[in-house]
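A.B. asks: output the structure for:
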Amino acid sequence: MSKHHPTEIQLHRASRVLEVHFDDGAQMMLPCEYLRVFSPSAEVRGHGLPEPLLVTGKAEVNINAIEPVGQYAIKLVFDDGHDSGLYDWDFLYQLGQDHAINWARYLERLAAADMKGKTE
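C.D. replies: Numbers count the residues shown, from 1 in each chain. This is a model prediction of the structure:
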């Protein structure tokens with residue numbers, strides 16, 4: 001049972017941001033790139049990995065469709081074809097709460113991967 005429930009979900013296509021309002025008053029502005037690289041899918045999460053796989057090249061990704069999954073989640077269909085992650089309400093909420101920390105770590109990992117690629 002979800003602790004958090006959205007009251008409104010709106011895609012801002014031009015700015016590539018998903019706006020989600022929750023019943024506790026929290027408002028999350030989640031960039032499409034962030035949602036894509038932190039997808040809950042097995043493709044990104046792997047099986048038992050300490051961190052999601054590093055997904056690159058998604059700065060321009062957008063969402064083509066938002067499909068409800070019962071009363072507990074949404075499926076986001078991205079314009080790069082990725083559509084296998086189910087974003088349940090608590091996961092979306094947590095992504096919003098941890099956005100700054102997650103994004104900083106993602107950028108660190110991108111920089112490290114870029115440096116590794118230049119030295120090999």
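
A.B. asks: what comes into contact with the longest helix along the chain?
C.D. replies: Among the elements of type helix in the chain, defined by DSSP state H, the one spanning the most residues is helix 99-119. Residues outside helix 99-119 that contact it (C-beta atoms under 8 Å, 6 or more residues apart in numbering) are 28, 30, 34, 37-38, 51, 54, 56, 95. (Glycine included, C-beta is placed from N, CA and C.)

A.B. asks: next one: stretch 55-72
C.D. replies: The set of residues external to stretch 55-72 that reach it, using C-beta under 8 Å, 6+ apart, is 2, 9, 11, 13, 16, 18, 32-33, 35-37, 39, 44, 74-80, 86, 88-89, 110, 113.

A.B. asks: tally of neighbours for M28?
C.D. replies: By the other C-beta atoms under 10 Å criterion, the neighbourhood of M28 contains 19 residues.

A.B. asks: wait, it touches D98, no?
C.D. replies: No. In this structure M28 lies outside contact range of D98 using C-beta atoms under 8 Å: 10.6 Å.

A.B. asks: any shared contact partners between the two?
C.D. replies: With contacts defined as C-beta under 8 Å, 6+ apart, no residue is shared by M28 and D98.

A.B. asks: thinking again about what came up before, filter the contacts of helix 99-119 down to the buried ones, PyMOL style.
C.D. replies: To isolate the buried ones among the contacts of helix 99-119 in PyMOL, judged by 16 or more other C-beta atoms under 10 Å, type:
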select buried, resi 28+30+34+37+38+95
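
A.B. asks: lowest pLDDT pick from the contacts of helix 99-119?
C.D. replies: Checked by pLDDT, the contacts of helix 99-119 have E51 as the lowest-scoring entry (78).

A.B. asks: below-threshold pLDDT in the protein: ranges please.
C.D. replies: Under the criterion of pLDDT under 70, the regions of the chain flagged as low confidence span 115-120.

A.B. asks: which ones among the contacts of helix 99-119 lie within helices?
C.D. replies: Among these, the members falling in helices (DSSP H) are 34, 37, 95.

A.B. asks: nearest to D24, of the residues you listed?
C.D. replies: Within the ones in helices among the contacts of helix 99-119, proximity to D24 (C-beta to C-beta) peaks at L95, which comes in at 15.4 Å.
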